[in-house]
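Visitor: got a sequence here, can you model it:
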Amino acid sequence: MASPSLLKTFLILSATLALATPSFADNILYTDERLNPGQSLTYGTYFLIMQKDCNLVLYEMSQTIWSTKSNGKGQNCYLTIQRDGNLVIYTGSNVPIWATDTGKYKGDFVLVLQKDRNLVIYGPAYWHTGTLTAGSTLNLSIAGNYSTGPYVVNRDHNISMVTDHSEK
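Guide: Numbers count the residues shown, from 1 in each chain. Below you'll find the predicted structure:
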C-alpha cells in the first residue's frame, strides 16, 4: 500500500497532466501573491490589470468590462488574495482601499480569470459527503516534473488535496 504522502504526490502530479501549457498560471493569482502596478492576469483576449492609478480593471482587448473604480485612491497599489479569502487592493503604505469582503474562512485561495471572462475566487472545500469507501483504487498516470502545493488548477477546475486522515 502506498504511503499517504506518496499518494498525495501522485494525485497532484496526475492532476497536473490535464494542464494545457506550462503558462497555465498566467490567469491565476495565488494566496499572498501580489499583482503590482502594471502587472496583469491574462486569458486569451481578456486581461485583468492593476493599473498605476490604483484601479483594477478587466479588459477584453481594449474595452473595459469591469473595474474596482479605485483610481486615484492611493499610490503604488497592489492586489492580493489573503489567507482568509478576501481579495484586497492595498496602497503602497498597506492601507486597504477596496475589497471583496469575502474574508470568512482560513485557507489557501486562488483568484482565477476564467475563459468566460469571469473572475472567481476558489478556496478550501467547506463540506463534503465523505462517502469514498476505504480501499478505493485510484488509477494514476505520471509523467514529467511538477511542483506540488495545496492546489492544482486547470483553468476552470480546482482540485483540493486533503491530508487529514484522522480516525474517529
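Visitor: which stretches of this structure form helices?
Guide: Secondary structure of the chain (DSSP state H): helices located at 4-16.
Visitor: just for it, where's the confidence low?
Guide: Residue ranges of the chain with pLDDT under 70: 1-25, 126-168.
Visitor: 90 instead, please
Guide: By pLDDT under 90, the low-scoring segments of the chain are 1-25, 103-105, 124-168.
Visitor: what pairs with the nearest residue to residue 40 once chain neighbours are set aside across the strands?
Guide: Nearest non-adjacent residue to residue 40, counting by C-beta to C-beta, 6 or more residues apart in numbering: residue 49, 4.0 Å away. For the C-beta atoms, the positions are set from N, CA and C on the backbone; glycine is no exception. Judged by DSSP bridges, the bridge partners of residue 49 are residue 40, residue 57.
Visitor: which residues touch residue 49?
Guide: Contact analysis of residue 49 by C-beta atoms under 8 Å, 6 or more residues apart in numbering lists 38-40, 56-57, 59.
Visitor: just residue 90 next, same as before
Guide: Applying C-beta under 8 Å, 6+ apart to residue 90 gives the contacts 74, 77-78, 80, 96-97.
Visitor: distance of it relative to residue 66?
Guide: Distance, residue 90 to residue 66, using C-beta to C-beta, to the nearest Å: 20 Å.
Visitor: same question, residue 95
Guide: Distance of residue 95 to residue 66, computed by C-beta to C-beta: 23 Å.
Visitor: quick one: which of these two has more around it?
Guide: The neighbour comparison of residue 95 against residue 66 (other C-beta atoms under 10 Å) goes to residue 66, with 14 against 11.
Visitor: and the residue lying closest to that one once chain neighbours are set aside, how many neighbours?
Guide: Of all residues not flanking residue 66 in the chain, residue 58 sits nearest, at 4.4 Å (C-beta to C-beta, 6+ apart). Residue 58 is flanked by 20 other residues according to other C-beta under 10 Å.
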